[in-house]
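Visitor: Dropping a prediction and its sequence here:
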Amino acid sequence: MQEQIYHLQYAMDTFYFLICGVLVMWMAAGFSMLEAGLVRSKNTTEILTKNVALYSIACIMYLVCGYAIMYDGGWFLSGIATVDVDATLSSFAEREDGFTGDAVYSSASDFFFQVVFVATAMSIVSGAVAERMKLWAFLAFAVVLTGFIYPMEGSWTWGDNSVFGLYTLSDLGFSDFAGSGIVHMAGASAALAGVLLLGARKGKYSKDGKINAIPGANMPLATLGTLVLWMGWFGFNGGSVLKLGDISNANAVAVVFLNTNAAAAAGAVSALILSVVLFRKADLTMALNGALAGLVAITAEPSTPTPLQATLFGAIGGLLVVASIIGLDKLKIDDPVGAISVHGVVGLLGLLLVPITNSDSSFSGQLIGAATIFVWVFATSFIVWYVLKLVVGIRVSEQAEYEGVDASECGIEAYPEFVSSVK
């Protein structure tokens, strides 16, 4: 009878892990729709191509080497599908606390859950460099980020390895529950390096210093993308509890879901209110980014805040993202979708909020961890982007940018009936 209970708990934890991974994978659709809505119609096909391709590349590279680098696993996940039933049952039986110990689940499900996080980090880069980057230069960078840059910083954080043998972040008091820094700030750091080398879109900034708005083509699509991301985030944060099959962890999952939702809602409302104060208009794009900012802010620690604290954290994230988007524009850092602000600036905020509710972390540890992630990802990404710029170029021609990268990079128009005459 006891053995059957162990089998059932293993099945429940593994199934929960897989379903959460599916929800995070669905965030790829959210990023695709959000970015397709916030770029101009002439660049829609290319942004969709990038999102499908980067997800596929992330899956392959993490399978080939990324997982091995991050968790000292075998290349090509050798033997990962094999389950030693007797050893697994023994790991349950040896626990004195019954069902409240560490999670026990299929290693294949662990890989699946981790690989969709890698793809999320790369998706952040896609929107920031939109409308003027060469497709194949972007995909070449995706190979390096998902196969090496991200797994290395992941090995220092979730992998708990020392940073080049110098220090261990967990020993310093660093904590990042689901990846405000490890995933989101890392993706934004890589995006920032690319944007600085790439330059702004033509016409975005006038010589007299004026900032020209370049509206997206499809607000319904951007809204749908945000809501898909909101939904997927329950798997992102909820899955990071790692198990479901006992009372304590089931309740922890419920708390994480509750806090994740509260933070997103507060972020959307606070950003919307601030946009009205600043612009005298209810800016939908700010509200969408506010919701995402609330989600990023709570991701570093969604399990320990009270619902009221989670709401306040999300509201702060929503206010900060509006200020950051405006500030980066003044610095002439052109980010068409606000990805650097949402995932980078607010990702740092999320890390710094952790010690308020989690006594196992420290502000100094969070700062050192954030600095480690940023310096590593930004520096290595800058080098890779720069090499690509010298070798193949990273920016499309001025003519291709004017006509739209759909035509030059993909040869397919997303909305042909609106731009082509009927013959």
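Guide: Yep, that arrived.

Visitor: Can you name the next helix or strand after the helix or strand of the chain with the lowest mean pLDDT?
Guide: Least confident helix or strand of the chain, by mean pLDDT, DSSP states H and E, is helix 85-93 with a mean of 59. As assigned by DSSP states H and E, the chain's next helix or strand after helix 85-93 is helix 107-128.

Visitor: what's the helix or strand just after that following helix packed up against?
Guide: Where DSSP H and E defines the elements, the next helix or strand beyond helix 107-128 is helix 135-144. Identification of packing neighbours for helix 135-144 by 3 or more CB pairs under 8 Å, 6 or more residues apart in numbering; DSSP states H and E yields helix 44-61, helix 107-128, helix 363-391. For every residue, glycine as well, the C-beta is placed using N, CA and C.

Visitor: I'd like the ones you listed laid out as JSON lines, including mean pLDDT.
Guide: Shown next, in JSON lines, are the helices and strands packed on helix 135-144 (pLDDT from 0 to 100):
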{"stretch": "helix 44-61", "mean pLDDT": "97"}
{"stretch": "helix 107-128", "mean pLDDT": "94"}
{"stretch": "helix 363-391", "mean pLDDT": "98"}
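
Visitor: out of those, nearest to residue 156?
Guide: Nearest to residue 156 among the helices and strands packed on helix 135-144 is helix 363-391; the distance by CB to CB comes to 6.6 Å.

Visitor: ok, now which ones touch residue 407?
Guide: Contacts for residue 407 (CB atoms under 8 Å, 6 or more residues apart in numbering) come out as 42, 400, 413.

Visitor: what kind of secondary structure is the last one in?
Guide: It refers to residue 413. Following DSSP: H, G, I helix; E, B strand; the rest coil, the label given to residue 413 is coil.

Visitor: Strands of the stretch 251-400 of the chain, start to end?
Guide: For the stretch 251-400 of the chain, applying DSSP state E, counting those that start in this stretch gives no strands.

Visitor: where does it have low pLDDT?
Guide: Within the stretch 251-400 of the chain, the set of residues satisfying pLDDT under 70 is empty.

Visitor: so residue 257 touches residue 236, yeah?
Guide: No. Under the criterion of CB atoms under 8 Å, residue 257 makes no contact with residue 236, lying 11.0 Å away.

Visitor: what about the two, which has more around it?
Guide: Neighbours were tallied for residue 257 and for residue 236 using other CB atoms under 10 Å; the higher tally belongs to residue 236 (27 against 17).

Visitor: Show me how far the helix or strand hosting that one is from its chain's centre.
Guide: Assigned by DSSP H and E, residue 236 falls within helix 219-238. Mean-position distance between helix 219-238 and its chain equals 12 Å (CA atoms, centre = their mean, to the nearest Å).

Visitor: So what touches it?
Guide: Contacts of helix 219-238 (CB under 8 Å, 6+ apart): 19-27, 29-38, 117, 120, 177-179, 216, 253, 256-257, 260-261, 264, 284-285, 288, 291-292, 295, 298-299, 302.

Visitor: Over to stretch 247-264?
Guide: Here stretch 247-264 has contacts from 99-100, 103, 230, 233-234, 237-238, 240-244, 291-292, 294-295, 297-299, 302-303, 305, 307, 310-311, 313-314, 317, using CB under 8 Å, 6+ apart.

Visitor: Just the buried residues out of these, in ChimeraX syntax.
Guide: Buried subset of those, written as a ChimeraX selection, criterion 16 or more other CB atoms under 10 Å:
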select :99,103,230,233,234,237,238,240,241,242,243,244,291,292,294,295,297,298,299,302,303,305,310,311,313,314,317
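
Visitor: how much space is there between residue 271 and residue 281?
Guide: Taking CB to CB, to the nearest Å as the measure, residue 271 falls 13 Å from residue 281.

Visitor: Of these two, give the one with the bigger neighbour count.
Guide: residue 271 (31 against 9).

Visitor: Was I right to think the more buried one contacts residue 322?
Guide: Yes. Here residue 271 lies in contact with residue 322, judged by CB under 8 Å, at a distance of 5.2 Å.

Visitor: Mind listing the shared neighbours of those two?
Guide: 286, 289, 290.

Visitor: Can you name the residues that contact the first one?
Guide: Spelled out, it's residue 286. 271, 272, 274, 275, 321, 322, 325.

Visitor: do the second one as well
Guide: Contacts of residue 289 were listed using CB under 8 Å, 6+ apart, and they are 271, 321, 322, 325, 338, 341, 342.
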